[in-house]
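could you work out the structure for the sequence below:
(2 chains)
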Amino acid sequence: MTSATNTGSRARGSASLKHRLAERGVDTKLLLLVPAIVFALLLFVYPFAYGIGLTFQPLAGTQDQWGGGIFANYVAFFRDDFIFDSVWLTLRLALPAALFNVLVSIPIAFKLRSKFRGKRMLQTLLVLPITLGTVLTAQGLLIFAGRQGWLNRFLLENGIIDQPLQLVNNYLGVMLSLIISGFPFAYLLISSYLSGIDPSLEAAAKTLGANWKQRFRRITLPLLAPGLATTFILTFVLAFSVFPSARLVGDASGETRVLALMAYRAFSEQLDYSMASTIAMMMGVVELIVIAFVFLGRSFLYKGSTGGKG
Amino acid sequence: MSNSQLTSTPTPQAAPPTEVVNIVKNRNRGKLAPGEKSLVASPGTWFVWFGIAAFFIFLFGIVLSVLVDSLGKPWFNTWLPESFTLGWYQESWARFDLTHIIGVTLLVAFSVIVISVIIGVPASYVLARSNFPGKKLVMLLFLLPILIPPITFGIPLATVMYNFGLGRTVLAVILVNLVPSVPFVIITMTPFIEQINPSIENAARMCGASMYRVFTKILAPLLIPGILAASILVLVRTVGMFDLTFLVSGPSSDTLVVAIYRAMTSAGGGESRQLISSMGVIYTAMMLLILIIALRFINPTQLVAQVKDSRED
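As a prediction, this is how the structure comes out:
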């Protein structure tokens, strides 16, 4: 650790090599990185590689049913409508939910940027659902928006509707739960990206006579876009891997039979670890494809400084 | 009558001028000095407030109905239950052994925080300060666990753990939760470290301080706010983490979320609804406490980018 102080006494050859390496940034400091890398290799890379290997060891039953030798799991994944449809069911939930959360967060983050009374209170309330957790949100939705719940009761008694709305145990219920758990997260990220944009840029545009539409379109939006892309990706990851709410407020055998649910069933109910890994890996692949598209779109956008620090 | 007509007639005549004034005011809005407040009743503002209101109706509806449900005796077709009781809390506490479950939850959360800070902070220091060959690869290694759905690495990881005989133990739950937490600490801490002026460390090093002393005497005190922020976020994440914990935990190592889920989906139509609601309330109270403590230390909007406060101040 103290090598920097006593290199002078070492032989010249090794010192110069050391210096040359240090110039490229390789020095004892890097040792600090070792625990993290060892950790990542042991708990992330190794299981991941193991999981990939596992997908090529299908159970005999899978092989008999779908054929394809060591690729039987993949054959089953793409041929079995019951499994493959979950890809679409998952995307149908995750994409609109992530998009909605990001798009709605933008104007709200914008309006809450200026100072007014009770702003901190409002912000705290918006972030509050983070404490709820998916399971409690599900329970609350079942009680509040169910057939007997307050929401339907209020709408019925005021004559706004004459049939109770079917808000839970279907697609809509999962969507609501995704919005309630995803929106605070999206709002938090977007407002912090927004606060990273130097207000003097907008002020400059203002002095040049740009109205708010022009300022938004030409200055704020381009600066915010990379942040929006990141937020979209992170909210999408959250929504994509949803599964307790798909089971609890959704219709787990129909409209909301998401991939995570299928993977979990294969894992713990059918004890088919290789099929479970296959579905899990395919989930990762589908998600990485979506993320790749977002990054591709992002690469066309402005990537310079936002004026703010960091 | 005539009097009233006389008084009423001026108003329609007076109306146009005020409208004109309003229009002029609105026109001026766009050209006001940068410090001007922008809360104007434009359609955009209405949309925003409507959205927030709808969100809050759902939020409070959810929280309140769970709370009322957990306190109520039989509650079916009425606005409120017939009478209130605390019995559900006692019953769920005894039935699900919540002392044990909450103990496990806290044990897991604190172990995850301590380990991920010890592993993560030095790594984020290196990533913030030095440039070395392969840095991008290392960054990718730490980003992937956050970007990939938890189930994707959770299932192989759980399989490995069951193979090693670690399945359903508290250790397995801690290890699984570390996988997203360590990268999370690294990614939240890197900007914090970038803000610290390197010349402070260089000065210490000039005076002969070793790496270890630089860390303990210089960096650690400066990093305390960042470490607190990151640990609180890890705490919230770990207590709320369902997917990963669920895959490896068993009856004796369930955290509170998983225990609630198991109670909701247990065979035979699940447990009685009020029992689950009371557990849900306990869970939310716990999280709320954490969040309130957290908000004393960190501003929620300052986590990603360093904030330059707007000019209104």
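
burial measure for the closest residue to chain B within the stretch 151-300 of chain A, as a count.
At 2.8 Å from chain B, A:Gly196 is the closest residue in the stretch 151-300 of chain A, using C-beta to the nearest C-beta. C-beta coordinates here come from the backbone N, C-alpha and C atoms, glycine included. Counted with other C-beta atoms under 10 Å in any protein chain shown, the neighbours of A:Gly196 add up to 23.

over to B:Ser210?
Using other C-beta under 10 Å, the number of residues around B:Ser210 comes to 15.

B:Tyr125 contacts B:Ile193, doesn't it?
Yes. Look at B:Tyr125 against B:Ile193 with C-beta atoms under 8 Å: they come within range, at 5.5 Å.

more crowded one of those two?
The neighbour comparison of B:Tyr125 against B:Ile193 (other C-beta under 10 Å) goes to B:Tyr125, with 25 against 19.

hey, which helix or strand in chain B has the poorest pLDDT?
In chain B, no helix or strand scores lower on mean pLDDT, DSSP states H and E than helix B:2-8, which sits at a mean of 43.

low-confidence ranges, chain B, go.
Filtered on pLDDT under 70, chain B yields the residue ranges B:1-42, B:74-79, B:82, B:267-271, B:295, B:297-313.

tell me the secondary structure for A:Asn169?
When classified by DSSP: H, G, I helix; E, B strand; the rest coil, A:Asn169 comes out as coil.

pLDDT score for it?
Per-residue confidence (pLDDT) for A:Asn169: 85.

for it, give its distance to A:Arg257.
Look at A:Asn169 and A:Arg257: by C-beta to C-beta, to the nearest Å, they are 13 Å apart.

returning to what we had before: shared neighbours, B:Tyr125 and B:Ile193?
Counting by C-beta atoms under 8 Å, 6 or more residues apart in numbering or on different chains, the shared contacts of B:Tyr125 and B:Ile193 are B:Leu219.

tally of neighbours for residue 207?
Picking chain A for this. A:Thr207 has 11 neighbouring residues, counting by other C-beta under 10 Å.

not quite, go with chain B.
Around B:Cys207 there are 8 residues (other C-beta under 10 Å).

can you give the domain ranges for chain B?
Listed by the TED database, the domain ranges of chain B are B:46-84, B:97-301.

let me fix that: chain A
Chain A breaks down into these domains under automatic domain parsing: A:36-79, A:80-301.

tell me which of those domains sits most buried.
Stretch with highest mean neighbour count among the domains of chain A: domain A:80-301 (a mean of 19; mean count of other C-beta atoms under 10 Å in any protein chain shown).

name the nearest residue to the residue in the stretch 1-150 of chain B positioned nearest to chain A, ignoring sequence neighbours.
When distances are taken as C-beta to the nearest C-beta, the stretch 1-150 of chain B reaches nearest to chain A at B:Ile62, 3.0 Å away. With sequence-adjacent residues excluded and distances taken as C-beta to C-beta, 6 or more residues apart in numbering or on different chains, B:Ile62 is closest to A:Gly140, at 3.0 Å.

wait, doesn't A:Leu93 sit right on A:Ile179?
No. Between A:Leu93 and A:Ile179 there is no contact under C-beta under 8 Å: 10.9 Å.

after the helix or strand harbouring the residue nearest to B:Ile62, heading C-terminal, what element do we hit next?
A:Gly140 is part of helix A:133-144 when elements are defined by DSSP states H and E. As assigned by DSSP H and E, the chain's next helix or strand after helix A:133-144 is helix A:150-157.

chain center to the very next helix or strand once past that next one, what's the gap?
Following helix A:150-157 in sequence order, the next helix or strand is helix A:171-195 (DSSP H and E). In terms of C-alpha atoms, centre = their mean, to the nearest Å, the centre of helix A:171-195 is set 10 Å apart from its chain centre.

can you tell me how far A:Leu271 sits from A:Arg257?
For A:Leu271, the distance to A:Arg257 - C-beta to C-beta - is 20 Å.

quick check: buried residues in the longest helix seen in chain B?
Taking DSSP state H as the criterion, chain B has its longest helix at helix B:98-129. Neighbour counts over helix B:98-129 (16 or more other C-beta atoms under 10 Å in any protein chain shown) mark B:98, B:101-102, B:104-106, B:108-109, B:111-113, B:115-117, B:119-129 as buried.

list the contacts of whatever helix or strand comes next after that helix.
Using DSSP H and E, the helix or strand that follows helix B:98-129 in sequence is helix B:135-147. Here helix B:135-147 makes contact (C-beta under 8 Å, 6+ apart) with A:25, A:33, A:36-37, A:40, A:44-45, A:233-234, A:237, A:287-288, A:291, B:123, B:127, B:153, B:179-180, B:182-184, B:186-187.
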